[in-house]
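*Asks:* following is a predicted model, sequence given first.
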Amino acid sequence: MKFLVLVKATQKSEAGVPPEQEVIMESMRFNEEMIKAGVLLDAGGLYPSTQGKRIRVEGTTRRVIDGPFTETKELIGGYWMLQAKSIDEVVEWMKRFPLDKNGGELEIRRLIDVGDFAESEEVNAMHERLEKQVRR
């Protein structure tokens with residue numbers, strides 16, 4: 001199973017203040033541990049929402065909205081893509097993540113595989129074909 005772990009943005013991350021070097025190094029060691037365990041597929045941080053855009057879909061209209069976005073507690077500051085046997089395994093890994101001393105919040109979500117809801121063999125076959133192309 002694949003999981004996305006979302007690191008919620010903070011006022012500091014939205015202001016463009018990078019984490020302390022000690023926290024960055026602890027995070028790198030943590031990521032290295034997950035790589036060695038075969039759990040980590042991808043990870044990254046995000047620039048503040050001042051550098052982002054949203055596209056709002058309203059019927060057939062697409063409206064582009066420039067950042068910053070106001071609700072900091074709802075914004076994402078970074079992510080991990082993990083592969084694990086269960087959400088409980090991911091929880092155990094994430095309990096060890098070295099958050100900034102001011103705290104923070106992580107959200108764990110399982111990714112939907114097309115096979116979870118696609119009843120069509122044609123859809124499943126196309127999904128598998130596309131996944132192989134992406135992995136190249």
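*Replies:* Right, received. Where do you want to start?
*Asks:* then the helix or strand bottoming out on mean pLDDT in the chain to CSV, C-alphas only?
*Replies:* Least confident helix or strand of the chain, by mean pLDDT, DSSP states H and E, is helix 121-135 with a mean of 81. Backbone C-alpha positions of helix 121-135 (Å, rounded to 0.1, in the frame of the first residue of the first chain) are rendered in CSV as follows:
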residue,chain,number,x,y,z
GLU,A,121,-10.5,-4.6,-16.9
GLU,A,122,-9.8,-1.9,-19.6
VAL,A,123,-9.4,0.8,-17.0
ASN,A,124,-7.1,-1.4,-14.8
ALA,A,125,-5.0,-2.4,-17.9
MET,A,126,-4.6,1.2,-18.9
HIS,A,127,-3.7,2.2,-15.4
GLU,A,128,-1.0,-0.5,-15.2
ARG,A,129,0.4,0.7,-18.6
LEU,A,130,0.5,4.3,-17.5
GLU,A,131,2.2,3.4,-14.2
LYS,A,132,5.0,1.5,-16.1
GLN,A,133,5.5,4.6,-18.3
VAL,A,134,5.8,6.9,-15.4
ARG,A,135,8.3,4.6,-13.6
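*Asks:* distance of residue 25 from residue 124?
*Replies:* 43 Å (Cβ to Cβ, to the nearest Å). Heads up, the C-betas are built off the backbone N, CA and C, glycines and all.
*Asks:* check the closest residue in space to residue 24 that isn't next to it in sequence and give its pLDDT.
*Replies:* The shortest distance from residue 24 to any non-neighbouring residue, by Cβ to Cβ, 6 or more residues apart in numbering, is to residue 18 (7.5 Å). Listed pLDDT for residue 18 reads 88.
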